[in-house]
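Novice: structure for this input, please:
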Amino acid sequence: MTLVHHQRYHEHRQTIGHPERPERLDAIVERLKKEGLWKDVLAPEPVDLKLLGKVHTRKYIDSLKNFGEGYMDADTYIRPETYSIALLAAGGTVLAARKALERGKAAFALVRPPGHHAGPTHGGGFCYFNNVAVAAESLREKVGRVAIVDLDLHHGNGTQDIFYARKDVLYISTHQEGIYPGTGRADDRGDDDGSGYNICVPLPGGSGDATFELFSKKILRPVLTKYRPDAILVSLGADAHYMDPLGGLSLTSPGYVLLANEILGLSRELCGGVVSFALEGGYNVDALAEVVSGTVAAFDGRKVKYEYDRSGDEKGAGAYAVEDAVRKLKRYWPVG
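Specialist: Now for the predicted structure:
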């Protein structure tokens, strides 16, 4: 599996005590090295501004560049170096996606800051540029259809906003209902040409392995099989883990890796193995490192030892939410 990483990602700082801290990436790199998985590592360049301009307005890009220092919102701080590091995060995600397309081999962009809350004219929620959206636009220069699967505690409102009226980029999001940013209803199914191509599966607290397995079987697999993307991008946040301090979902580390393996299998069936992951959330550093290392190992046909494998959702706590989404999607997709 190709890894993309830059040392400057570790230099990005929010405020003292902030959960999106450099230790997140420190722990991932340390665990990957310990497992013998730190190989085929590429260093990116900053994203091309013309490409970035396909996702964000020039006014917003310039405002971030010239912001100086202070709060973008209550949870998101900007420093003089934030802009240049955010350009590298977007550039790293683009590089991973392009290498996956070029090689037909999975890639993982180990980036900070994250991106899926950033929309065309705004950042927020720890995000500045929408890394995965920029990568999708990069791939669209070469292929016809891209699917984005957003596996994070929080809804990727920025990604949804960017592609809401388009069908060339399919967006699928699982997230905990009723928390930040308060978007991502099951009724949000896209507008105009994008009608049916925006899929939200908001889940109740307690949803974990059994619920996500149901989602994979009833929604993810049939939708992707029907859509037949030329490439798959994954916004991977490990904050849906039961160890995460910010949310109430209950995926285990093996549960995450099972989802990743399912997506890998789908990528091989549908698009020649072209799949690229990008790091989003995940704020228990040990669980985060375990999820990422388990994912990288699985894509290399290996396994790691799991510490966080206690299932808190053996009966499908969120099954009714998955079924509700299925009912609302039946007019568009062969789900269920």
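Novice: now the strands for the stretch 201-336 of the chain?
Specialist: With DSSP state E, counting those that start in this stretch as the criterion, the stretch 201-336 of the chain has strands at 231-236, 275-279.
Novice: highest mean neighbour count out of those?
Specialist: strand 275-279 (a mean of 30; mean count of other C-beta atoms under 10 Å). For glycine as for every other residue, the C-beta is placed from the backbone atoms N, C-alpha and C.
Novice: what helices and strands are in contact with it?
Specialist: Where contact means 3 or more C-beta pairs under 8 Å, 6 or more residues apart in numbering; DSSP states H and E, strand 275-279 is packed against helix 82-103, strand 107-109, helix 131-140, strand 231-236, helix 253-271.
Novice: residue 55: which of the ones you listed is closest?
Specialist: helix 131-140 (4.8 Å; C-beta to C-beta).
Novice: picking up where we left off before, with distance to residue 53 added, can I get the strands of the stretch 201-336 of the chain in a markdown table?
Specialist: Below are the strands of the stretch 201-336 of the chain laid out as a markdown table (distance: least, C-beta to C-beta, whole Å):
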| stretch | distance to residue 53 |
| --- | --- |
| strand 231-236 | 19 |
| strand 275-279 | 20 |
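Novice: for the ones you listed, which one sits closest to residue 315?
Specialist: strand 231-236 (25.5 Å).
Novice: Provide the strand pairings for that closest one, with the direction of each partner.
Specialist: Using DSSP bridges, strand 231-236 pairs in its sheet with strand 146-151 (parallel), strand 275-279 (parallel).
Novice: can you put the ones you listed in JSON lines and add mean pLDDT and distance to residue 129?
Specialist: JSON lines is the format used below for the strands paired with strand 231-236 (pLDDT from 0 to 100; distance: least, C-beta to C-beta, whole Å):
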{"stretch": "strand 146-151", "mean pLDDT": "98", "distance to residue 129": "15"}
{"stretch": "strand 275-279", "mean pLDDT": "98", "distance to residue 129": "12"}
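Novice: switch those over to TSV; also include distance to residue 20.
Specialist: Formatted as TSV, the strands paired with strand 231-236 follow (distance: least, C-beta to C-beta, whole Å):
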stretch	distance to residue 20
strand 146-151	17
strand 275-279	11
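Novice: so which of those strands comes closest to residue 229?
Specialist: strand 146-151 (3.9 Å).
Novice: quick check: angle from that closest one to helix 131-140?
Specialist: 160 degrees (axes from the mean of the first three to the mean of the last three C-alpha atoms, to 10 degrees).
Novice: just checking, next helix/strand downstream of strand 146-151?
Specialist: Using DSSP states H and E, the next helix or strand after strand 146-151 towards the C-terminus is helix 157-163.
Novice: what segments of the stretch 201-336 of the chain are helices?
Specialist: 209-215, 221-227, 253-271, 285-299, 319-329 (DSSP state H, counting those that start in this stretch).
Novice: quick check, central residue of the protein?
Specialist: Note on the chain: the residue nearest the mean C-alpha position is residue 235, at 1.0 Å, using C-alpha atoms, centre = their mean.
Novice: relative to residue 111, how far out is that residue?
Specialist: 11 Å (C-beta to C-beta, to the nearest Å).
Novice: which neighbours do those two share?
Specialist: residue 278 (C-beta atoms under 8 Å, 6 or more residues apart in numbering).
Novice: and stretch 47-60, end to end?
Specialist: 15 Å (C-alpha to C-alpha, to the nearest Å).
Novice: give me the contacts around that stretch.
Specialist: Here stretch 47-60 has contacts from 61, 87-88, 90-91, 94, 118, 120-123, 129-130, 133-134, 137-138, 162, using C-beta under 8 Å, 6+ apart.
Novice: try 6 Å this time
Specialist: 87, 90-91, 94, 120-121, 130, 133-134, 137-138, 162 (C-beta atoms under 6 Å, 6 or more residues apart in numbering).
Novice: any of those buried? List them.
Specialist: The neighbour count (16 or more other C-beta atoms under 10 Å) marks 87, 90-91, 94, 130, 133-134, 137-138, 162 as buried among the contacts of stretch 47-60.
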